[in-house]
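Student: output the structure for:
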Amino acid sequence: MLRGRVQGVGFRAFVAETAYRHGADGWVRNRRDGSLEAVFAATPAIVELVVAACKVGPAGARVDALHQRDVDFSLLDERRGGESFSVLPTT
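Tutor: A predicted model of the protein is given here:
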């Protein structure tokens, strides 16, 4: 979960491109409370790279807080069919 200026700055596209570039599966979506939520599935080293990029974000973003935790792989089921990484609608 990311908080700060993480909506309206292309953050979801940034996360999707970063995950794709590093070979991470998962998804990203905005939340109605103004935060951004993402799930990554990859080796620990790749997840660390993607999370490190998320701490910075795209131009115009500001990350005030990043909450990271291990999750169940069943969350990957939320991806769109046939996609390794999905940008999901706001929840």
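Student: list the contacts for the residue minimising distance to the centre of the chain?
Tutor: What sits nearest the mean C-alpha location of the chain, by CA atoms, centre = their mean, is residue 38, with 3.3 Å. By CB atoms under 8 Å, 6 or more residues apart in numbering, the residues touching residue 38 are 2, 15, 19, 26-29, 54. To be clear about C-beta, it is placed using only N, CA and C from the backbone, and glycine gets the same treatment.
Student: ok but it is inside a strand, no?
Tutor: Yes. Under DSSP: H, G, I helix; E, B strand; the rest coil, residue 38 falls within a strand.
Student: gap between it and residue 51?
Tutor: Taking CB to CB, to the nearest Å as the measure, residue 38 and residue 51 are separated by 9 Å.
Student: can you check residue 27 too?
Tutor: 15 Å.
Student: neighbour count: those two, which is higher?
Tutor: Taking neighbours as other CB atoms under 10 Å, residue 27 and residue 51 compare with residue 27 leading, 25 against 16.
Student: before we move on, which element is that one in?
Tutor: Per DSSP states H and E, residue 27 falls inside strand 25-30.
Student: what's the answer for residue 19, then?
Tutor: Assigned by DSSP H and E, residue 19 belongs to helix 11-22.
Student: what about that helix, average pLDDT?
Tutor: Average pLDDT, helix 11-22: 98.
Student: can you give the contact residues for it?
Tutor: With CB under 8 Å, 6+ apart as the criterion, helix 11-22 contacts 2, 25-26, 28-30, 36, 38, 40, 42, 46, 49-50, 53-54, 57-58, 61, 84-87.
Student: ok, now stretch 71-89?
Tutor: For stretch 71-89, using CB under 8 Å, 6+ apart, the contacting residues are 12-13, 16, 19-20, 24-29, 39, 41.
Student: all set, thanks.
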